[in-house]
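Engineer: Give the three-dimensional model of this entry:
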Amino acid sequence: MIIKNLFHVLFILMIIAGVPAGALGDDDAVVVAAEETNENLVPVIFHGRELFKVADVSAVSAKGRAKLLLRRITNKAKSPLFNTDDLNIFHDDALGVSLILINTEFIFAVWESDAKKIGRPRKELADEYKETISDAINQYRKDYTLTSYLRGIGFAVIATLLLLLFWFAVLKLCKKEILFVNERFSGQKMFKFIDGKSMLTINNYIIRLVRFVILFLGIIIYLNFVLSFFPWTFNLSARLFKLITSPLIMFYNGFVEKLPDLFVLVVISAICYGILRATKHMFEQISEGNVHIKGFYREWADPTYRLVRLVVIIFALVAAFPYIPGSSSPAFKGISIFLGVLFSLGSSSAVGNIFAGLVLTYMRPFSPGDFVKISGIKGTVLSKHTFSTRLQTNRNQIVTIPNISVSSNHIVNYSRMAKHEGVILETTVTIGYDVPWRKVHELLTAAAEVTPDVLDNPPPSIIQSSLDDFYVSYMLRVSTQSPDRELAVLSNLHQRIQDNFSKAGIEILSPHYRQNRSGEKTTIPELYPFKKEKEKQSG
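Structural biologist: This is a model prediction of the structure:
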């Protein structure tokens, strides 16, 4: 009796302290959950089924005990020589352990510490473990019978047919929904900010997305069921289902946990929206002229509203940032830093154009419709945007100039004074010394007075700008309120000057005009009838 008890003690000590390192290694036939609970219990999962949980014992970890037990159960389940009726239990009250044996071969040990952590009597717990192991082995063997294979094939065929019916039903319903919406809402305006055609396009994309999600979930459920019908893929089925449901459960738990923060975000968004709506209404009234503020121009309303809106949104984001899910995570902070660096390095010119646009807005050097000269380019201002200004030249060309270039160059606004006193246009004609200057002044003034788009007040003026070697330079200055038609006005003025001087018999022979003449022939064109009369009188 003493020798027998000593043998049992030595055997148990070997289990506790002398387990070979290789026995605790990985085995492809063993599936063990790697996650441990708060009580340091590891579930023992065999053939896709959790048998029970084990804890640490002395030098052997719970994970090691689970692996060792699963290896033994798997070997016995695959062995045709083993019968579950051979399972028995040996209770050693002196050492406080119950041994689950197959005849005399050790399978598993239930210690008093196991019973305390589970909260059950040791002997009762050992009996339960023995029955659980027996049932698991019997079910394992039952699943690998021919009847089980045939049943799995039958269920798989039925599941495949159901998947096909489900697939065609989903496609049919989605197609009918798209046709119904297209027939019902085609050509109608759905909202203020979107037309019917765009709404139909959005509906098509939404239905396609919903269809993809439903079919994807259907395929996942189908695979999970089909894999569970066969013993070789039973464990894979359980793992696949867990892989899909775990993220969903995690997202749901995270959503429930962040619900208070989400309510804070909703409140901040509502306050921000209310402030923006009130501010927009106020600046719209200023822009329409219903509200007047001394020193604040109507064209300032829209850009000022944009600035106020930007400031309000920035303050709202600062207030909402701590409540955004994941804002405290290192990944979120890393992305924020990366975007900040990217913005600071790559947007210097964009920021410069934005600030230049603001400076131009509040300086008011020009307005849309003004005829200006910017960077040597003359044209009518079509629009001024955040980043650039667009001009339309006299040649009907659209020129886009960055705001930073506009603000850093001289700006000549022809339309600003043209509305009140007119813009002065200048042209120069050179006449020989043989013509009296008073006569030249008379002809030039008469030509200006009959030219379209030339103002009578202020009247045209003539300046004798220089006395050159062969001629006198006469500068004619006229005013017009159509600076955008500068070329047409000057062209008409030049035509009248030519007509007047030709009628008066005065030749414009400068600058540097040479011709060999014989007799009284002049350079006045034959077009003018008074030329022939003059030639007859001289003859």
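Engineer: quick one: contacts for residue 398?
Structural biologist: 382, 390-392 (C-beta atoms under 8 Å, 6 or more residues apart in numbering). The way it works is simple: take the backbone N, C-alpha and C, and place the C-beta from them, glycine included.
Engineer: how close does residue 66 get to residue 356?
Structural biologist: If you measure residue 66 against residue 356 using C-beta to C-beta, to the nearest Å, the figure is 70 Å.
Engineer: between those two, who's got more neighbours?
Structural biologist: A direct count of neighbours by other C-beta atoms under 10 Å for residue 66 and residue 356 places residue 66 higher, at 24 against 21.
Engineer: Below-threshold pLDDT in the stretch 151-300 of the chain: ranges please.
Structural biologist: 186-197, 230-239, 241 (pLDDT under 70).
Engineer: Could you do the stretch 351-500 of the chain as well?
Structural biologist: 419.
Engineer: circling back: which of the contacts of residue 398 ranks first by neighbour count?
Structural biologist: Most surrounded of these: other C-beta under 10 Å gives residue 391, at 24 neighbours.
Engineer: now that residue, what's its secondary structure?
Structural biologist: strand (DSSP: H, G, I helix; E, B strand; the rest coil).
Engineer: Now do the closest residue to it other than its chain neighbours: how many residues are near it, please.
Structural biologist: Leaving aside its chain neighbours, residue 391 sits nearest to residue 379 (3.3 Å; criterion: C-beta to C-beta, 6 or more residues apart in numbering). Residues lying near residue 379 (other C-beta under 10 Å) number 23.
Engineer: for residue 379, what are its contacts?
Structural biologist: Here residue 379 is in contact with 371-372, 391-394, 397, 399 (criterion: C-beta under 8 Å, 6+ apart).
Engineer: between the residues you listed, which is closest to residue 490?
Structural biologist: Closest approach between the contacts of residue 379 and residue 490, by C-beta to C-beta: residue 394, at 11.6 Å.
Engineer: Phi first, then psi, for the residue lying closest to the closest one once chain neighbours are set aside.
Structural biologist: Counting by C-beta to C-beta, 6+ apart, residue 394 lies nearest to residue 487, which is 5.9 Å off, once chain neighbours are set aside. Main-chain torsions, residue 487, degrees, to the nearest 10: phi -60, psi -40.
Engineer: Was I right to think residue 487 contacts residue 393?
Structural biologist: No. Judged on C-beta atoms under 8 Å, residue 487 makes no contact with residue 393 at a distance of 10.7 Å.
Engineer: The longest helix seen in the chain packs against which elements?
Structural biologist: In the chain, ranked by residue count with DSSP state H as the criterion, the top helix is helix 146-185. Where contact means 3 or more C-beta pairs under 8 Å, 6 or more residues apart in numbering; DSSP states H and E, helix 146-185 is packed against helix 196-228.
Engineer: in the helix it packs on, what's buried?
Structural biologist: For helix 196-228, a neighbour-count test (16 or more other C-beta atoms under 10 Å) marks 196, 199-200, 203, 207, 211, 215, 222-228 as buried.
Engineer: Nearest to residue 45 among those residues?
Structural biologist: residue 228 (14.8 Å).
Engineer: where's the closest one relative to residue 164, distance?
Structural biologist: 19 Å.
Engineer: Which stretches in the stretch 1-150 of the chain count as helices?
Structural biologist: Taking DSSP state H, counting those that start in this stretch as the test, the helices found in the stretch 1-150 of the chain are 2-17, 62-78, 112-118, 122-143, 146-185.
Engineer: Dump the ones you listed to CSV, plus distance to residue 416.
Structural biologist: Putting the helices of the stretch 1-150 of the chain into CSV (distance: least, C-beta to C-beta, whole Å) gives the following:
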stretch, distance to residue 416
helix 2-17, 99
helix 62-78, 85
helix 112-118, 90
helix 122-143, 92
helix 146-185, 50
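Engineer: correct me, but residue 301 touches residue 284?
Structural biologist: Yes. Counting by C-beta under 8 Å, residue 301 does reach residue 284; the two are 7.3 Å apart.
Engineer: ok, the two, which is more surrounded?
Structural biologist: Under the neighbour definition other C-beta under 10 Å, residue 301 and residue 284 were set side by side, and residue 301 has more, 21 against 14.
Engineer: Apart from its chain neighbours, what residue comes closest to the more buried one?
Structural biologist: Using C-beta to C-beta, 6+ apart, the nearest residue to residue 301 is residue 287, at 3.8 Å.
Engineer: Look up how far residue 384 lies from the one you found.
Structural biologist: Applying C-beta to C-beta to residue 287 and residue 384 gives a distance of 15 Å.
Engineer: higher neighbour count, the two?
Structural biologist: residue 384 (19 against 16).
Engineer: Other residues contacting stretch 171-184?
Structural biologist: Outside stretch 171-184, the residues that reach it (C-beta under 8 Å, 6+ apart) are 200, 203-204, 207-208, 210-211.
Engineer: Using the three-state scheme, assign the residue positioned nearest the centre of the chain.
Structural biologist: The centre of the chain sits closest to residue 339, judged by C-alpha atoms, centre = their mean, with a distance of 12.9 Å. The three-state label given to residue 339 by three-state DSSP is helix.
Engineer: And it, how close does it get to residue 321?
Structural biologist: On the measure of C-beta to C-beta, residue 339 and residue 321 end up 14 Å apart.
Engineer: now swap in residue 428 and tell me
Structural biologist: Residue 428 is 67 Å from residue 321, where distance means C-beta to C-beta.
Engineer: now residue 168
Structural biologist: Distance, residue 168 to residue 321, using C-beta to C-beta: 48 Å.
Engineer: Partner strands of whichever helix or strand residue 381 is part of and their direction?
Structural biologist: Using DSSP states H and E, residue 381 maps to strand 377-384. Looking at strand 377-384 with DSSP bridges, its partner strands are strand 371-374 (antiparallel), strand 388-392 (antiparallel).
Engineer: Would you confirm that residue 275 contacts residue 312?
Structural biologist: Yes. Under the criterion of C-beta under 8 Å, residue 275 is in contact with residue 312, at a separation of 5.5 Å.
Engineer: contacting residues for the residue nearest to residue 385 when sequence neighbours are not counted?
Structural biologist: Once flanking residues are discounted, residue 385 sits nearest to residue 357: 7.2 Å by C-beta to C-beta, 6+ apart. Listed by C-beta under 8 Å, 6+ apart, the contact set of residue 357 reads 303, 384-387, 403.
Engineer: try 10 Å
Structural biologist: 303, 384-389, 402-404, 406-407 (C-beta atoms under 10 Å, 6 or more residues apart in numbering).
Engineer: mind saving the C-alpha coords of the helix or strand hosting residue 491 as CSV?
Structural biologist: Assigned by DSSP H and E, residue 491 falls within helix 486-503. The C-alpha trace of helix 486-503 is given here as CSV (Å, rounded to 0.1, in the frame of the first residue of the first chain):
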residue,chain,number,x,y,z
GLU,A,486,-10.4,102.0,-76.5
LEU,A,487,-9.2,100.5,-79.8
ALA,A,488,-12.6,101.2,-81.5
VAL,A,489,-12.7,104.8,-80.2
LEU,A,490,-9.1,105.5,-81.4
SER,A,491,-9.8,103.9,-84.7
ASN,A,492,-12.9,106.1,-85.3
LEU,A,493,-11.0,109.2,-84.2
HIS,A,494,-8.1,108.5,-86.6
GLN,A,495,-10.6,108.1,-89.5
ARG,A,496,-12.1,111.5,-88.7
ILE,A,497,-8.7,113.1,-88.5
GLN,A,498,-7.7,111.7,-91.9
ASP,A,499,-11.0,112.9,-93.4
ASN,A,500,-10.7,116.4,-92.0
PHE,A,501,-7.1,116.9,-93.0
SER,A,502,-7.8,115.6,-96.5
LYS,A,503,-10.8,117.8,-97.0
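Engineer: Name the residues of that helix that come out as buried.
Structural biologist: When neighbours are counted by 16+ other C-beta under 10 Å, the buried residues of helix 486-503 are found to be 486, 489-490, 492-493, 496-497, 499-502.
Engineer: how much space is there between residue 159 and residue 242?
Structural biologist: 20 Å.
Engineer: All set, thanks.
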